[in-house]
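Trainee: Output the structure for:
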Amino acid sequence: MKNRVLLFLFTGFLMLLVSCGTSKSMHHKPDLSQYNSEKPTVIKKSDSVFVSGKNSFLKNKQGLWELYVEGDPLEIGLNTGALTDSLLKKQQKIFFSKINDFIPSSFQQKLLRQFLKWYNRKLYLNVPEEYQTEIYGVSEYTSDEFNNIAPKYQRGLYLHGAHDIGHALQDLALVGCSSFAVWNEKTQDGSLILGRNFDFYVNDAFAENKIIAFINPKEGHKFMMVTWPGMIGAVSGMNEEGVTVTINASKSKIPLIAKTPISILTREILQHAKNIDEAIAIAKKRKVFVSESIMVGSANDNKAILIEVSPSKMDVYDVPNTDQLICSNHFQGEAFVADKRNQEQIVNSHSEYRFERMQELLSENKTVNPEIASEILRNKNGLKNIELGYGSEKALNQLMAHHGIIFKPKEKLVWISANPYQLGEFVCYDLDSVFGKRKNDFKSFQIENLNIAKDPFLKTTAFQNYKKFKIEDRKMDSFLDKKETISPEFIQNYQSLNPDYWVVYYKAGLYFYQKKEFKQAQLNFEKALTKEITTLPEKQQIEKYLKKIKRKLK
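Mentor: Residues are numbered from 1 along each chain as shown. As a prediction, this is how the structure comes out:
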């Protein structure tokens with residue numbers, strides 16, 4: 001139910017400003033007078049290699065797309081759009097096809113439009129002109145199919161706020177990222193290592209076409225970031241100076257007006273900061289509209305800090321005399337730690353649990369290297385190594401990540417996971433090599449001998465069962481929604497596919513409760529309580545059902 005509520009709101013957000021076509025924001029465009037607006041010519045070398053001048057786009061053997069673009073903001077935008085053209089159209093279709101799936105009522109759609117149109121009314125005033133220009137260039141290649149929702153450029157601009165809205169709704173389970181950094185005595189050579197899982201989940205199709213973008217801008221530092229078609233903001237990235245950025249949601253009010261999207265702020269840090277101080281200075285210039293922790297790593301400082309931001313204030317969490325930093329989805333600095341919303345987040349979400357699990361795993365390893373970092377990111381168990389079932393949000397590896405990523409900033413090395421989730425091979429790139437003397441052989445930029453092998457879990461029966469479980473879980477939701485009769489064989493098979501996961505017993509309990517088979521409902525709810533429930537509110541909900549059942553059975 002929570003995921004359906006979330007998708008209802010999230011896809012409603014994606015509908016954007018259908019009903020406010022006369023607003024200034026719907027007609028605004030960046031000033032392109034200083035740029036050459038000529039569209040680039042793309043040469044198709046093969047089904048997986050596309051070239052436009054010095055720019056290129058290719059799919060490597062692990063299934064990751066590698067994009068290289070250079071130039072001024074419009075050149076970068078136009079070349080990105082032209083090279084990723086077919087994927088860009090596909091990605092927007094994935095987003096917008098969810099509207100009718102999850103908000104079928106035209107009346108509900110109208111209500112949402114009236115409410116959600118305010119989100120983006122001043123967004124364009126809070127995005128730097130260079131990024132508006134780049135978004136405009138990309139948007140020239142988006143589909144006309146969704147022009148009824150918003151014009152191409154506005155649609156591209158507004159979609160950069162979707163990540164923030166997802167974070168604002170993160171207590172409804174859209175986002176649960178985990179990240180850590182270690183340095184000095186905690187790494188084998190003393191240099192900084194960072195790891196993170198980006199658990200921003202729309203659906204499996206959304207994560208199919210990950211792009212590793214290498215950007216060589218006319219102004220600022222060269223950098224890389226992991227992204228998807230149409231997204232120019234940064235959620236995970238590193239620049240040529242060894243500055244890294246990753247973002248983690250914190251508890252936030254649902255915003256009533258859009259300001260600077262977090263991914264645009266972190267993109268600005270990547271492109272224009274060479275150390276922690278410069279990153280902090282850039283963050284101070286921008287007003288954001290959700291609460292977020294930005295982990296910034298720096299080769300020049302050989303450490304990491306957290307920039308904690310909200311619509312009303314900002315703090316820097318920098319603990320002296322330490323060699324590690326951990327971040328989940330709650331604030332840690334003095335400015336926010338006692339905040340009521342932050343305290344509610346710690347008590348009611350799975351953020352503190354994952355935080356403690358990272359502490360536990362780091363304490364088990366005297367020193368960390370990239371391989372150990374990948375094992376931590378892929379860990380599927382709970383505290384004290386208990387079985388959580390697969391897909392639990394209490395796990396660091398929730399089997400839903402868009403990507404896992406590891407940085408070694410001093411050496412300008414980065415590892416990005418191939419599909420599925422963070423289980424595929426971690427593919428290594430050397431930024432000095434990518435941005436050095438480039439050969440136009442249109443081969444992958446990866447350093448194959450430094451790649452980290454696939455997770456052995458991929459070859460297990462448990463993983464095959466998890467894939468089947470995801471299919472059966474969607475069926476279970478459909479049965480519950482429609483109040484259809486479910487066979488005992490289906491329930492038995494459903495629970496056997498993921499037997500340690502509390503959800504399989506909870507949903508069976510809901511089914512029997514609907515059918516007024518209270519004894520069976522009681523047995524399943526009680527079985528759910530023997531497992532590790534994801535959040536306190538969910539545990540309390542099960543306990544409420546059991547109290548109701550006891551009254552009915554008297």
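
Trainee: Over to residue 399. Which of the three states is it?
Mentor: Put simply, residue 399 is coil when judged by DSSP: H, G, I helix; E, B strand; the rest coil.

Trainee: check contacts around it.
Mentor: Residue 399 sits next to 380, 390, 391, 421, 423, 466 when contact means Cβ atoms under 8 Å, 6 or more residues apart in numbering. Every C-beta, even on glycine, is put in place using the N, C-alpha and C of the backbone.

Trainee: helix or strand for the first one, which one?
Mentor: Per DSSP states H and E: residue 380 is located in neither a helix nor a strand.

Trainee: what's around it, how many residues?
Mentor: Residues lying near residue 380 (other Cβ atoms under 10 Å) number 20.

Trainee: is it true that it touches residue 393?
Mentor: No: assessed by Cβ atoms under 8 Å, residue 380 is found out of contact with residue 393, at 11.8 Å.

Trainee: before we move on, back to that, most widely separated two among the contacts of residue 399?
Mentor: Across the contacts of residue 399, the longest distance by Cβ to Cβ is 12.9 Å; it joins 391 and 423.

Trainee: So for the two, which residue has more residues nearby?
Mentor: residue 423 (22 against 19).

Trainee: Excluding covalently adjacent residues, which one is nearest to that one?
Mentor: What sits nearest to residue 423 in space, not counting adjacent residues and going by Cβ to Cβ, 6 or more residues apart in numbering, is residue 455, at 4.2 Å.

Trainee: So residue 293: helix, strand or coil?
Mentor: Of the three states, residue 293 takes strand under three-state DSSP.

Trainee: can you check residue 156 too?
Mentor: Per three-state DSSP, residue 156 ends up helix.

Trainee: in which helix or strand would I find residue 137?
Mentor: Per DSSP H and E: residue 137 is located in helix 129-139.

Trainee: Return the list of helices and strands in contact with that helix.
Mentor: helix 73-83, helix 152-159, helix 262-272 (3 or more Cβ pairs under 8 Å, 6 or more residues apart in numbering; DSSP states H and E).

Trainee: Any stretches of this protein with poor pLDDT?
Mentor: 1-26, 96-120, 148-149, 163, 165-175, 202, 252-256, 438-439 (pLDDT under 70).

Trainee: Can you tell me the centre-most residue of it?
Mentor: residue 200 (2.8 Å; Cα atoms, centre = their mean).

Trainee: Got the phi and psi for it?
Mentor: Main-chain torsions, residue 200, degrees, to the nearest 10: phi -100, psi 110.

Trainee: Just to check, it is in contact with residue 398?
Mentor: No: in this structure residue 200 lies outside contact range of residue 398 using Cβ under 8 Å: 11.3 Å.

Trainee: follow-up on the earlier one: gap between the residue nearest to residue 423 and residue 463?
Mentor: 9 Å (Cβ to Cβ, to the nearest Å).

Trainee: ok, now residue 365?
Mentor: Relative to residue 463, and taking Cβ to Cβ, residue 365 is found at 24 Å.

Trainee: swap in residue 537?
Mentor: As judged by Cβ to Cβ, residue 537 and residue 463 stand 30 Å apart.

Trainee: Neighbour count: those two, which is higher?
Mentor: Neighbours per residue (other Cβ under 10 Å) separate residue 537 from residue 463, with residue 463 holding more: 17 against 13.

Trainee: Just say helix, strand or coil for the spatially closest residue to that one that is not a sequence neighbour.
Mentor: Once flanking residues are discounted, residue 463 sits nearest to residue 457: 5.4 Å by Cβ to Cβ, 6+ apart. Under the three-state scheme (three-state DSSP), residue 457 adopts helix.

Trainee: tell me which element the closest residue to residue 422 other than its chain neighbours falls in.
Mentor: Nearest residue to residue 422 in three dimensions, chain neighbours excluded: residue 404, at 3.0 Å (Cβ to Cβ, 6+ apart). Counting by DSSP H and E, the element that carries residue 404 is strand 403-408.

Trainee: number of nearby residues for the residue nearest to residue 422?
Mentor: Count around residue 404 with other Cβ under 10 Å applied: 31.
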